[in-house]
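Asks: sharing a sequence plus its predicted fold:
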Amino acid sequence: MHTLRSILWIALWSFILLVSVYFFLDNVIAYFYGYRSRMFGNTLFHNQLWVVMHMVGGSMALLLGPMQFWPFIRKRFVSFHRLSGKIYMTGIALIGISAGRLSLISSCLPCRVSLFLLTVFGVLSTWFAWRAIKTRNIKTHRHMMVRSYICVLGFVAVRIDDIYALDFLFGNITDPTFRRVVNEYFFSFVPLIIAEIFMTWWPSIAYTFKNKTTA
(Lines give C-alpha, C1' and ligand atoms only; values in the text may rest on other atoms or scores of the structure.)
Protein backbone atom coordinates (compact mmCIF):
# COMPACT_ATOMS: atom_id res chain seq x y z
CA MET A 1 0.00 0.00 0.00
CA HIS A 2 2.85 2.35 0.89
CA THR A 3 4.59 1.59 -2.42
CA LEU A 4 1.42 2.29 -4.40
CA ARG A 5 0.95 5.59 -2.58
CA SER A 6 4.56 6.57 -3.35
CA ILE A 7 4.08 5.73 -7.03
CA LEU A 8 0.88 7.78 -7.22
CA TRP A 9 2.57 10.67 -5.41
CA ILE A 10 5.50 10.66 -7.85
CA ALA A 11 3.14 10.37 -10.84
CA LEU A 12 1.04 13.31 -9.59
CA TRP A 13 4.02 15.61 -9.10
CA SER A 14 5.57 14.54 -12.39
CA PHE A 15 2.35 15.50 -14.15
CA ILE A 16 2.14 18.83 -12.31
CA LEU A 17 5.75 19.69 -13.14
CA LEU A 18 5.32 18.67 -16.77
CA VAL A 19 2.23 20.85 -17.21
CA SER A 20 3.88 23.73 -15.33
CA VAL A 21 6.99 23.66 -17.52
CA TYR A 22 4.85 23.44 -20.66
CA PHE A 23 2.78 26.41 -19.52
CA PHE A 24 5.91 28.39 -18.62
CA LEU A 25 7.52 27.82 -22.01
CA ASP A 26 4.31 28.31 -24.00
CA ASN A 27 3.17 31.48 -22.23
CA VAL A 28 5.84 33.24 -20.18
CA ILE A 29 8.84 32.61 -22.42
CA ALA A 30 6.69 33.29 -25.50
CA TYR A 31 5.95 36.79 -24.18
CA PHE A 32 9.63 37.68 -23.97
CA TYR A 33 10.12 36.40 -27.52
CA GLY A 34 7.61 38.90 -28.84
CA TYR A 35 4.16 37.31 -28.44
CA ARG A 36 1.57 39.90 -27.47
CA SER A 37 -2.14 39.45 -26.89
CA ARG A 38 -4.47 42.38 -27.55
CA MET A 39 -5.30 42.58 -23.86
CA PHE A 40 -1.61 43.25 -23.08
CA GLY A 41 -1.96 46.84 -24.25
CA ASN A 42 0.65 48.84 -26.10
CA THR A 43 2.54 50.68 -23.33
CA LEU A 44 4.05 49.84 -19.95
CA PHE A 45 1.28 51.54 -17.99
CA HIS A 46 -1.47 50.39 -20.34
CA ASN A 47 -1.81 46.82 -19.04
CA GLN A 48 1.72 45.66 -19.89
CA LEU A 49 2.90 46.40 -16.35
CA TRP A 50 0.12 44.22 -14.93
CA VAL A 51 0.85 41.39 -17.38
CA VAL A 52 4.57 41.38 -16.62
CA MET A 53 3.85 41.53 -12.88
CA HIS A 54 1.42 38.64 -13.27
CA MET A 55 3.94 36.52 -15.14
CA VAL A 56 6.77 37.24 -12.71
CA GLY A 57 4.64 36.55 -9.64
CA GLY A 58 3.02 33.53 -11.26
CA SER A 59 6.39 32.05 -12.22
CA MET A 60 7.69 32.47 -8.67
CA ALA A 61 4.66 30.76 -7.16
CA LEU A 62 4.31 28.08 -9.83
CA LEU A 63 7.93 26.93 -9.81
CA LEU A 64 8.60 27.25 -6.08
CA GLY A 65 5.25 25.83 -4.97
CA PRO A 66 6.17 22.13 -5.32
CA MET A 67 9.21 22.57 -3.07
CA GLN A 68 6.89 23.56 -0.23
CA PHE A 69 5.34 20.09 -0.28
CA TRP A 70 8.28 17.74 -0.89
CA PRO A 71 9.24 16.17 2.48
CA PHE A 72 12.87 15.71 1.39
CA ILE A 73 13.36 19.46 1.01
CA ARG A 74 11.00 20.52 3.77
CA LYS A 75 12.68 18.38 6.44
CA ARG A 76 16.35 18.48 5.41
CA PHE A 77 16.65 22.04 4.14
CA VAL A 78 14.57 24.04 6.59
CA SER A 79 16.22 27.38 5.82
CA PHE A 80 15.64 26.95 2.10
CA HIS A 81 12.04 25.88 2.78
CA ARG A 82 11.41 29.08 4.71
CA LEU A 83 13.16 31.29 2.14
CA SER A 84 11.31 29.72 -0.79
CA GLY A 85 8.08 30.09 1.18
CA LYS A 86 8.68 33.82 1.53
CA ILE A 87 9.44 34.13 -2.18
CA TYR A 88 6.30 32.12 -2.91
CA MET A 89 4.22 34.53 -0.83
CA THR A 90 5.79 37.47 -2.67
CA GLY A 91 4.76 35.83 -5.93
CA ILE A 92 1.20 35.39 -4.65
CA ALA A 93 1.11 39.07 -3.67
CA LEU A 94 2.17 40.05 -7.20
CA ILE A 95 -0.47 37.70 -8.62
CA GLY A 96 -3.11 39.22 -6.38
CA ILE A 97 -2.34 42.78 -7.43
CA SER A 98 -2.01 42.04 -11.15
CA ALA A 99 -4.74 39.41 -11.54
CA GLY A 100 -7.16 41.59 -9.64
CA ARG A 101 -6.65 44.20 -12.35
CA LEU A 102 -6.51 41.82 -15.33
CA SER A 103 -9.67 39.99 -14.28
CA LEU A 104 -11.60 43.23 -14.73
CA ILE A 105 -10.52 43.64 -18.36
CA SER A 106 -10.76 40.02 -19.50
CA SER A 107 -12.17 39.68 -23.00
CA CYS A 108 -14.47 36.97 -21.64
CA LEU A 109 -17.06 38.96 -19.70
CA PRO A 110 -18.63 36.00 -17.85
CA CYS A 111 -15.13 34.83 -16.85
CA ARG A 112 -14.28 38.00 -14.97
CA VAL A 113 -16.11 36.82 -11.85
CA SER A 114 -14.35 33.44 -11.74
CA LEU A 115 -10.92 35.00 -12.32
CA PHE A 116 -11.48 37.58 -9.60
CA LEU A 117 -12.75 34.99 -7.11
CA LEU A 118 -9.84 32.66 -7.87
CA THR A 119 -7.48 35.55 -7.19
CA VAL A 120 -9.17 36.30 -3.87
CA PHE A 121 -9.10 32.63 -2.80
CA GLY A 122 -5.43 32.34 -3.73
CA VAL A 123 -4.41 35.41 -1.75
CA LEU A 124 -6.57 34.57 1.28
CA SER A 125 -5.44 30.94 1.49
CA THR A 126 -1.80 32.05 1.34
CA TRP A 127 -2.39 34.64 4.04
CA PHE A 128 -4.08 32.06 6.28
CA ALA A 129 -1.19 29.64 5.64
CA TRP A 130 1.23 32.33 6.82
CA ARG A 131 -0.85 33.09 9.90
CA ALA A 132 -1.09 29.39 10.73
CA ILE A 133 2.66 28.80 10.58
CA LYS A 134 3.26 31.88 12.74
CA THR A 135 1.20 30.18 15.47
CA ARG A 136 2.87 26.79 14.81
CA ASN A 137 -0.37 25.29 13.51
CA ILE A 138 1.35 22.94 11.06
CA LYS A 139 -1.74 21.04 9.89
CA THR A 140 -3.70 24.17 9.02
CA HIS A 141 -0.60 25.65 7.38
CA ARG A 142 -0.25 22.64 5.08
CA HIS A 143 -3.93 22.56 4.20
CA MET A 144 -4.00 26.27 3.38
CA MET A 145 -0.84 25.91 1.28
CA VAL A 146 -2.53 23.10 -0.66
CA ARG A 147 -5.47 25.41 -1.35
CA SER A 148 -3.13 28.22 -2.32
CA TYR A 149 -1.16 26.12 -4.80
CA ILE A 150 -4.34 24.67 -6.28
CA CYS A 151 -5.40 28.25 -7.04
CA VAL A 152 -2.06 28.81 -8.76
CA LEU A 153 -2.53 25.65 -10.81
CA GLY A 154 -6.07 26.81 -11.55
CA PHE A 155 -4.66 29.85 -13.36
CA VAL A 156 -2.51 27.44 -15.37
CA ALA A 157 -5.33 25.02 -16.19
CA VAL A 158 -7.69 27.69 -17.50
CA ARG A 159 -4.98 28.81 -19.92
CA ILE A 160 -4.17 25.36 -21.32
CA ASP A 161 -7.27 24.63 -23.33
CA ASP A 162 -5.37 22.71 -26.00
CA ILE A 163 -5.02 19.65 -23.76
CA TYR A 164 -8.68 18.91 -24.65
CA ALA A 165 -9.63 18.09 -21.07
CA LEU A 166 -13.03 19.65 -21.60
CA ASP A 167 -13.72 17.43 -24.61
CA PHE A 168 -12.98 14.39 -22.48
CA LEU A 169 -15.23 15.57 -19.65
CA PHE A 170 -18.11 17.28 -21.43
CA GLY A 171 -17.85 16.35 -25.08
CA ASN A 172 -17.16 18.74 -27.91
CA ILE A 173 -18.33 22.26 -26.97
CA THR A 174 -18.50 24.15 -30.24
CA ASP A 175 -19.49 27.59 -28.96
CA PRO A 176 -16.14 29.28 -28.14
CA THR A 177 -17.52 31.63 -25.49
CA PHE A 178 -19.44 28.91 -23.67
CA ARG A 179 -16.40 26.61 -23.92
CA ARG A 180 -14.19 29.19 -22.28
CA VAL A 181 -16.71 29.91 -19.52
CA VAL A 182 -17.00 26.19 -18.72
CA ASN A 183 -13.21 25.91 -18.80
CA GLU A 184 -12.69 28.90 -16.49
CA TYR A 185 -15.26 27.91 -13.87
CA PHE A 186 -14.51 24.18 -13.91
CA PHE A 187 -10.74 24.45 -13.45
CA SER A 188 -11.06 27.39 -11.06
CA PHE A 189 -13.33 25.71 -8.52
CA VAL A 190 -13.68 21.94 -9.04
CA PRO A 191 -10.06 21.21 -7.96
CA LEU A 192 -10.66 23.24 -4.79
CA ILE A 193 -13.84 21.27 -4.07
CA ILE A 194 -12.01 17.96 -4.57
CA ALA A 195 -9.27 19.12 -2.21
CA GLU A 196 -11.87 20.02 0.41
CA ILE A 197 -13.41 16.55 0.14
CA PHE A 198 -10.08 14.83 0.76
CA MET A 199 -8.75 17.25 3.40
CA THR A 200 -11.92 17.99 5.38
CA TRP A 201 -14.97 15.93 4.49
CA TRP A 202 -13.40 12.47 4.25
CA PRO A 203 -11.23 12.74 7.40
CA SER A 204 -14.26 13.86 9.43
CA ILE A 205 -16.26 10.84 8.29
CA ALA A 206 -13.31 8.50 8.87
CA TYR A 207 -12.83 9.93 12.37
CA THR A 208 -16.52 9.44 13.22
CA PHE A 209 -16.46 5.87 11.87
CA LYS A 210 -13.32 5.08 13.89
CA ASN A 211 -14.90 6.39 17.09
CA LYS A 212 -18.04 4.28 16.54
CA THR A 213 -16.05 1.09 15.92
CA THR A 214 -13.96 1.61 19.07
CA ALA A 215 -16.88 2.60 21.31
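Replies: That came through fine.
Asks: okay, now residue 58: neighbour count?
Replies: For residue 58, the count of nearby residues is 24 (other CB atoms under 10 Å). Bear in mind the C-beta positions are built from the backbone N, C-alpha and C, glycine included.
Asks: show me the contacts for residue 188.
Replies: When contacts are counted by CB atoms under 8 Å, 6 or more residues apart in numbering, residue 188 touches 114-115, 117-118, 154, 158.
Asks: swap in residue 145?
Replies: Shown in contact with residue 145 (CB under 8 Å, 6+ apart): 68-69, 125-126, 129.
Asks: same check on residue 85?
Replies: Neighbouring residues of residue 85 by CB under 8 Å, 6+ apart: residue 68.
Asks: next structured bit after the helix or strand hosting it?
Replies: According to DSSP states H and E, residue 85 maps onto helix 78-102. Counting by DSSP H and E, the next helix or strand C-terminal to helix 78-102 is helix 111-134.
Asks: what residues does that following helix touch?
Replies: Contacts to helix 111-134, defined as CB under 8 Å, 6+ apart, come from residues 88-89, 92-93, 95-96, 99-100, 102-104, 106, 138, 140-141, 144-145, 147-148, 151-152, 154-155, 158, 180-181, 184-185, 188-189, 192.
Asks: what about this structure, any weak spots by pLDDT?
Replies: Along the chain, the model assigns pLDDT under 70 to residues 1-2, 32-47, 161-167, 207-215.
Asks: for the residue nearest to the spatial centre of the chain, which non-adjacent residue is closest in space?
Replies: Per CA atoms, centre = their mean, the C-alpha nearest to the average position across the chain is that of residue 152, at 1.9 Å. Distances taken as CB to CB, 6 or more residues apart in numbering put residue 61 closest to residue 152, at 4.9 Å, once the chain neighbours are dropped.
Asks: got it, and residue 84?
Replies: Distance criterion CB to CB, 6+ apart; nearest residue to residue 84, sequence neighbours excluded, is residue 64 at 4.8 Å.
Asks: where does that neighbour land in three-state SS?
Replies: helix (DSSP: H, G, I helix; E, B strand; the rest coil).
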